[in-house]
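Asks: Sharing a model prediction with you, sequence too.
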Amino acid sequence: MAKPADALAVRREAVTAQAQSPAVGAVPRPETDVAVVGGGPVGVFLGVLLAQAGVSVQVLEQRLERSAHSRAIGIHPPSLDALAAAGVDETITGEGVQIRRGEARSKGQHVAALDFSAASERFPYVLTLPQLRTEAILEARLHELDPGALVRGVKVTDLHDDGGRVRISGGRTSNRGADGSSGTGGPEDFGVSARIIVAADGARSGLRQLLGTPCWTRALRDTYLMGDFADSTGDGSVAVLYLESGGIVESFPLPGGIRRWVAHTDQLMPGATAADLARTIGERTGISPDPASNTMLSAFTVRTGLVRNLVRGRTVLIGDAAHEVSPIGGQGMNLGWLDAAALAPIITASLGGGDVGTSLAAYERERRRAARVASVQAQLNMALGRPLAPRLLAARNAGLARILRAPAAGNLVARRFTMQ
């Protein structure tokens, strides 16, 4: 009999293979009720919700395979509620790490703590799971509902909305880049006619460009270096923010004895090594991860953005295609899931002949408001992590400790951090 760890590894491999292999090289169906452009976690999640409702859905993804470069790890309680509706919450919570407590530390001393257990009755924690696994689980669920729903290796290059249906067309993708993007070669070799199109193709949405939908964006001055290392902290399932004068260092537990570290940097460091990040962590926190245990490394900048209109004719934009927020705070993927959860019943009602004009207008107002709130929250998180002179840092930390000692204030902050 296989050991439990071996059995889990076998199951993960089976889920990944099942989710991936049927999609590669498949041909999109020429007609469908809904075509979702973008097969990341948000697009596939929407596909699951629609397929469960009996809607014919086609999810088109230009990448030939899921990116192994996993940025998003945090899943907040409202998203876990939404994922429960898709029938994947037990698998995801079974694999993830449940963070019920967060701590702020500075110069080796405790500053404040947040208890996430009061943030939600059903899911009293923030869950961490690498995006690669989350996507595999969602793809397996979609394949279970409709084996032909997801098609990889196709890029949409044209869109025409005649008022009754929308036709999208494009070609096979090739020459996959290091960032997971793909070019398209040759003439048009697929076309899909749909009653509704949903753009879930990311912050640099090609479909948004085809629509000509204006999008306000702004690059922020903050830069970060992030990496995953074997966890040597002894902090278990506690998330820790190290508030240091050189800039914040964030630390989150992941499954498999891994811990993610995110350090604010003075400038973008695209050529940095795992040893560089480990050295920065050690200098600021006194904890030195082993560079040899590093499994992911990324330097990144931050942008914020919001489209003028989420709805354009028979096309709706969701997720990063509609709004971009800082990854600090882990709200982006969650925001997209909540977009999809709110949109799915409106689409289903529309396809059933219902008048959804009022609902769609309310959806657009609410999701734009949610995006603005998330953006403000993310920028507050970033402000907390910027370098600060030691004397000012000590005064700021003392004030933070006083505020969070009050139960009402602590609960409010915990709810905001968990998108409640």
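Replies: Structure's in. What do you need?

Asks: does residue 310 really touch residue 365, like I thought?
Replies: No: applying C-beta atoms under 8 Å as the test, residue 310 and residue 365 come out as separate, 9.4 Å apart. Backbone N, C-alpha and C define where each C-beta goes, glycine included.

Asks: So between those two, which is more surrounded?
Replies: Ranked by neighbour count (other C-beta atoms under 10 Å), residue 310 and residue 365 place residue 310 first, with 24 against 11.

Asks: Spatially, what comes nearest to the more buried one if we skip its sequence neighbours?
Replies: Leaving aside its chain neighbours, residue 310 sits nearest to residue 364 (4.7 Å; criterion: C-beta to C-beta, 6 or more residues apart in numbering).

Asks: Contacts only, for the one you found.
Replies: Neighbouring residues of residue 364 by C-beta atoms under 8 Å, 6 or more residues apart in numbering: 309, 310, 311.

Asks: How about stretch 64-80, which residues are buried there?
Replies: By neighbour count with 16 or more other C-beta atoms under 10 Å, stretch 64-80 contains the buried residues 64, 66-67, 70-80.

Asks: How about stretch 224-234?
Replies: For stretch 224-234, by 16+ other C-beta under 10 Å, it's 224, 225, 226, 227, 228, 229, 231.

Asks: same question, stretch 305-318
Replies: Buried residues in stretch 305-318, counted by 16+ other C-beta under 10 Å: 305, 306, 307, 309, 310, 311, 312, 314, 315, 316, 317, 318.

Asks: Quick one: end-to-end distance for it.
Replies: Stretch 305-318 has an end-to-end distance of 13 Å (criterion: C-alpha to C-alpha, to the nearest Å).

Asks: Repeat that for stretch 79-90.
Replies: End-to-end span of stretch 79-90 (C-alpha to C-alpha): 13 Å.

Asks: which residues touch that stretch?
Replies: 45, 48-49, 52, 75, 92-93, 120, 122-123, 127, 137-138, 141, 333-334, 337-338, 340-341, 419.

Asks: Give me the buried subset of these.
Replies: 45, 48-49, 52, 75, 92-93, 120, 123, 127, 137-138, 141, 333-334, 337-338, 340-341, 419.

Asks: Just the ones of those in strands?
Replies: Among the buried ones among the contacts of stretch 79-90, the members falling in strands (DSSP state E) are 75, 127.

Asks: Can you list the buried residues in stretch 411-420?
Replies: Buried, per 16+ other C-beta under 10 Å, within stretch 411-420: 411, 413, 414, 415, 417, 418, 419.

Asks: how about these in JSON lines, adding secondary structure, pLDDT and distance to residue 192?
Replies: As requested, the buried residues of stretch 411-420 are exported to JSON lines (DSSP: H, G, I helix; E, B strand; the rest coil; pLDDT from 0 to 100; distance: C-beta to C-beta, whole Å):
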{"residue": "411", "secondary structure": "helix", "pLDDT": "81", "distance to residue 192": "48"}
{"residue": "413", "secondary structure": "helix", "pLDDT": "81", "distance to residue 192": "46"}
{"residue": "414", "secondary structure": "helix", "pLDDT": "80", "distance to residue 192": "44"}
{"residue": "415", "secondary structure": "helix", "pLDDT": "79", "distance to residue 192": "42"}
{"residue": "417", "secondary structure": "helix", "pLDDT": "78", "distance to residue 192": "40"}
{"residue": "418", "secondary structure": "coil", "pLDDT": "81", "distance to residue 192": "38"}
{"residue": "419", "secondary structure": "coil", "pLDDT": "80", "distance to residue 192": "34"}
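
Asks: closest to residue 263 among those residues?
Replies: Checking these against residue 263 by C-beta to C-beta gives residue 417 as the nearest, at 19.4 Å.

Asks: Grab the nearest non-local neighbour of the closest one.
Replies: Closest residue to residue 417 apart from its sequence neighbours, by C-beta to C-beta, 6+ apart: residue 114 at 6.6 Å.
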